[in-house]
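[1] structure, please.
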Amino acid sequence: MTSAHAPASLCLLRLSALGDVTHVVPLVRTLRSAWPGVPLTWVIGRGEHRLLEGLEGVSFVEYDKKSGLRGMLGIRRELQRGHGRFDALLQMQVAGRANLLSAFIPARTRVGYDRARSKDGHGLFVDTRIPARPGQHVLDAIGSFCEPLGLRQQAVRWDLPVPAAAHEWAAAQWDDDGRPVLMVSPCSSHVLRNWEPARHAALASHALRQGWRVVLCGGRSALERQTADAIVAATAGPVLDLVGKDTLKQLPALLARADLLVTPDSGPMHIANAMGTRVLGLHAASNPERSGPYSDRRYCVDRYDEAARRYLGRPAAGLRWGTKIERPGVMDLVTVDDAVAAFERYRADHPGRAQGEGAPLE
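    Residues are numbered from 1 along each chain as shown. Below is the predicted model:
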């Protein structure tokens with residue numbers, strides 16, 4: 001398919017994770033803008049569906065990763081009943097399970113990644129590939145999946161589906177007394193990307209001394225609870241602990257209330273970016289140029305090259321694009337001084353509210 005003639009139907013396959021499905025939303029906006037009448041189906045993971053439920057113009061089909069082959073057969077039956085054969089499947093995930101699942105989705109054309117970004121037999125399941133562009137951010141790579149259909153993603157627009165009730169819940173968590181808000185989301189789903197709680201506490205203490213409010217957010221896992229407790233105990237001042245208290249629908253609204261989010265490479269990083277919140281990203285295990293906050297990386301700490309030299313014996317420029325350096329101790333390369341300097345860069349760029357001058361401490 002090389003022209004921009006509207007297909008009869010399209011299917012997207014991206015199961016996970018939260019940050020990556022957030023990157024798919026601008027592609028959905030591009031497709032809907034070009035072809036508002038074309039049925040668009042998205043095969044997605046359960047938690048990711050909870051985040052994006054209500055995205056207009058999209059019919060979601062959930063795949064439970066625990067259901068294995070039985071679940072894949074169920075997906076095929078559901079799609080055949082409701083859609084028949086799609087004109088095109090955009091297979092935007094190279095993991096083996098997603099590749100196998102794609103074989104159960106009936107489609108005339110199967111668009112996948114270029115050879116350099118393929119793995120786990122991805123090339124066996126696609127017949128058309130996106131252009132090979134080394135050095136792309138993940139969002140731009142996903143956006144290029146419309147190019148074999150004859151389109152180009154010219155603009156990046158999220159407008160995540162956040163209900164009014166979620167914004168009302170977020171607004172009720174603290175009174176806006178004029179203090180800027182540093183939100184801390186300390187845990188990634190990849191443990192070796194996480195920063196030490198004591199370092200988060202040191203940055204939080206610095207922010208409190210500048211008159212900022214500090215808010216903790218996160219999920220309901222034991223690790224997130226333990227991490228939050230350690231941060232609260234070590235911070236020199238009050239912290240509003242909301243870890244485990246929000247839903248996936250409320251999370252974007254909560255992140256939107258922050259002036260600055262500090263987090264490792266994680267789903268909340270990308271959701272916050274989509275909501276217009278600036279991000280102080282903590283990077284050593286992953287390259288911020290590939291997977292950092294898409295809109296603005298000025299406030300990220302980047303120790304990826306140092307990690308590459310120390311753990312892999314090569315500069316970052318000598319690694320395959322997308323290489324992760326998830327090694328024990330790698331995040332210790334990101335120092336408290338690094339994070340404080342990034343925080344101060346944000347304050348310098350945002351005079352007034354970001355200074356926190358004269359704001360009361362609780």
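[2] where does the protein have low pLDDT?
    When residues are selected by pLDDT under 70, those of the chain lie in 1-3, 357-362.
[3] can you map out the helices along it?
    18-34, 46-52, 68-82, 96-102, 138-143, 164-171, 197-209, 222-234, 250-256, 267-274, 288-291, 304-307, 336-349 (DSSP state H).
[4] from the contact counts, what lies against the third one?
    Just to be clear, that refers to helix 68-82. strand 40-45, strand 59-63, helix 96-102 (3 or more C-beta pairs under 8 Å, 6 or more residues apart in numbering; DSSP states H and E). Where C-beta positions appear, they are placed from N, C-alpha and C, glycine not excepted.
[5] so the first one versus helix 18-34, what angle?
    Between strand 40-45 and helix 18-34, the angle formed by their directions is 180 degrees, by axes from the mean of the first three to the mean of the last three C-alpha atoms, to 10 degrees.
[6] list the strands paired with strand 40-45, with their directions.
    strand 10-13 (parallel), strand 59-63 (parallel) (DSSP bridges).
[7] in the longest one, what's buried?
    If you call a residue buried by 16 or more other C-beta atoms under 10 Å, then strand 59-63 has these buried ones: F60, V61, E62, Y63.
[8] can you tell me how far the first one is from L160?
    It refers to F60. According to C-beta to C-beta, to the nearest Å, F60 and L160 sit 14 Å apart.
[9] try the last one
    Y63 is 21 Å from L160, where distance means C-beta to C-beta.
[10] do D64 as well
    23 Å.
[11] neighbour count: those two, which is higher?
    L160 (18 against 13; other C-beta atoms under 10 Å).
[12] residue contacts, that one?
    L160 makes contact with T22, V25, L51, L52, L55, P252, I271, A274, M275, according to C-beta atoms under 8 Å, 6 or more residues apart in numbering.
[13] closest to S118 among these?
    The closest of the contacts of L160 to S118 turns out to be T22 (C-beta to C-beta; 22.7 Å).
[14] neighbours of the closest one, how many?
    Neighbour tally, T22, other C-beta under 10 Å: 27.
[15] again, but for K66
    The number of residues packed near K66 is 8, by other C-beta under 10 Å.
[16] same deal with R152?
    12.
[17] same check on I142?
    Neighbour tally, I142, other C-beta under 10 Å: 26.
[18] which residue packs closest to it, ignoring adjacent ones?
    Computed as C-beta to C-beta, 6 or more residues apart in numbering, the closest residue to I142 that is not its neighbour in sequence is H23, at 5.0 Å.
[19] I'd assumed R115 was in contact with G123.
    Yes: the criterion here is C-beta atoms under 8 Å, and G123 meets it with R115 at 6.6 Å.
[20] what about the two, which has more around it?
    Using other C-beta under 10 Å, the more surrounded residue of G123 and R115 is G123, with 16 against 10.
[21] so how far is R117 from that one?
    Using C-beta to C-beta, we find G123 at a distance of 10 Å from R117.
[22] separation between K119 and R129?
    Going from K119 to R129 by C-beta to C-beta gives 14 Å.
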